[in-house]
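Engineer: Pasting a predicted model and its sequence here:
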Amino acid sequence: ERKVLFTHALRNALLPAITLVGFELPALFGGSLIIEKIFNWPGIGQLYMQSFSLRDYPLLMGFTVFIAILTVIGTLLSDILYRVADPRVRL
């Protein structure tokens, strides 16, 4: 019974979790903007918000590219983990 659960049920149950984990990586940095603003913590979110008022466009573009790279890495990581969890999936 244990082998059946780990071999069949767990692998199929992991697929939605893998999808969520892949998209949570960039969301962590996006959420830091809100958390740092509410609690007045210094960090990358506060720096990003200050760059709006100072019109620091290179910093704004750099942070946006950073979030885009994290999105691509998260999606790639979830695709690779899909292959590990379900061998029927082809890359």
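Structural biologist: In hand now; what should we look at?
Engineer: all helices for the chain, in order.
Structural biologist: 2-4, 10-39, 44-54, 57-85 (DSSP state H).
Engineer: Let me know the angle separating the third one from helix 10-39.
Structural biologist: Helix 44-54 runs at 50 degrees relative to helix 10-39, counting by axes from the mean of the first three to the mean of the last three C-alpha atoms, to 10 degrees.
Engineer: which strands and helices sit next to helix 44-54?
Structural biologist: helix 10-39, helix 57-85 (3 or more C-beta pairs under 8 Å, 6 or more residues apart in numbering; DSSP states H and E). (C-beta placed from N, C-alpha, C; glycine too.)
Engineer: ok, now the second one?
Structural biologist: In terms of contacts (3+ C-beta pairs under 8 Å, 6+ apart), helix 10-39 is packed against helix 44-54, helix 57-85.
Engineer: And that helix, how far out from the chain middle?
Structural biologist: 5 Å (C-alpha atoms, centre = their mean, to the nearest Å).
Engineer: buried ones in it?
Structural biologist: Leu14, Ile18, Gly22, Leu25, Pro26, Phe29, Ser32, Leu33, Glu36 (16 or more other C-beta atoms under 10 Å).
Engineer: Spatially central, which residue of the chain would that be?
Structural biologist: The centre of the chain sits closest to Leu25, judged by C-alpha atoms, centre = their mean, with a distance of 1.6 Å.
Engineer: ok, and the closest non-adjacent residue to that one?
Structural biologist: Gly74 (3.7 Å; C-beta to C-beta, 6 or more residues apart in numbering).
Engineer: how much space between that neighbour and Asn40?
Structural biologist: With distances taken as C-beta to C-beta, to the nearest Å, Gly74 is found 28 Å from Asn40.
Engineer: So the residue nearest to Arg90 when sequence neighbours are not counted versus Leu77, what's the distance?
Structural biologist: Among residues not flanking Arg90 along the chain, Arg83 sits closest, at 7.8 Å (C-beta to C-beta, 6+ apart). Using C-beta to C-beta, one gets 11 Å for the distance from Arg83 to Leu77.
Engineer: Thank you kindly, that will do.
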